Structures are given as C-alpha cells and as structure tokens.
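1. pasting the structure only:
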C-alpha cells in the first residue's frame, strides 16, 4: 500500500515539475523571440550591406565605382547583368543574388557595377523596360 502511494505521489510530483519546466521554457522562449525580432532587421541589414560591399568591391576591381560614369556612393551602386535577362537569372537563383555570387566564387562572365542612373539609361536604350511602365 505504501509503495503504491509513493508511486502515485512521485507521478504527481513529476507532472508538476514537467508543468513548471514547460511554463518556464515557454516564458524564456517568448523572451528569446522578442530579442530576435528586435534585432532581426538590424542584423539582416548589416549582413546584406556586408555582402553588397564584397560583391561591388569584387566586380568593380576594387574601385567601388560605376563602370560608366565613376559614381562612387555605395547606396546607389548595383550589380547589373551585362546582357540583360537579369530577371530570368534571378528566378533561377532566387532573391539573394549577392549570396549566390559569393558562394559561387564571383563568376565574372556577365556582371558589371553600375549606378542606378546608368542602369536605367541602359535599360531604356536596350528596351529592357517592362510593358506598362
């Protein structure tokens, strides 16, 4: 009889400990998620900027300038597909082109660094604009 009572008490104690552990873990998880959400944008922006600097530096041969006009403000520099068709390539690669380029050791065949103005001029001259714009 005593053994059965001890087993029952131990079972209840185990359930209570598990419940306490569950709620404690739940609370800590909420705190971790809150910190993650607060820092997510900041970290991802830093990561994106770091990747962009690597790619622009590599494809501009270390000058960090537009290959057409020499503009050097990093905020306006982008990577351009020389032959157009960037949309098709982006569909194959996904939206993280800079990460893909870094992982594939910066393939040099059809990329160039342009400022946004030169890129829009190129798109207009080559009739790369989408219909309806």
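-> That came through, no problem. Computed from a predicted structure; not experimentally measured.

2. can you pull out the strands in this structure?
-> 77-81, 111-115 (DSSP state E).

3. Quick check: which helices or strands does the last one pack against?
-> Translated: strand 111-115. helix 2-59, strand 77-81 (3 or more C-beta pairs under 8 Å, 6 or more residues apart in numbering; DSSP states H and E). In short, each C-beta sits where N, CA and C put it, glycine included.

4. likewise the first one?
-> In terms of contacts (3+ C-beta pairs under 8 Å, 6+ apart), strand 77-81 is packed against helix 2-59, helix 97-103, strand 111-115, helix 116-125.

5. From residue 8, how far off is residue 19?
-> 17 Å (C-beta to C-beta, to the nearest Å).

6. For residue 67, find the nearest of the helices and strands packed on strand 77-81.
-> Closest to residue 67 of the helices and strands packed on strand 77-81 is strand 111-115 (C-beta to C-beta; 5.2 Å).

7. any idea of the mean pLDDT in the closest one?
-> For strand 111-115, mean pLDDT rounds to 94.

8. Tell me the strands beside it, with direction?
-> According to DSSP bridges, strand 111-115 forms sheet pairs with strand 77-81 (antiparallel).

9. Contacts for the strand it pairs with, please.
-> Identification of contacts with strand 77-81 by C-beta atoms under 8 Å, 6 or more residues apart in numbering yields 55-56, 59-60, 64-66, 71, 86, 89, 97-98, 101, 110-116, 119, 122.

10. Now which of those would you call buried?
-> For the contacts of strand 77-81, a burial check counting by 16 or more other C-beta atoms under 10 Å picks out 55-56, 59-60, 65-66, 71, 86, 97-98, 101, 111-115, 119, 122.

11. which secondary element of this structure has the worst mean pLDDT?
-> Ranked by mean pLDDT, DSSP states H and E, the weakest helix or strand in the chain is helix 2-59, scoring a mean of 78.
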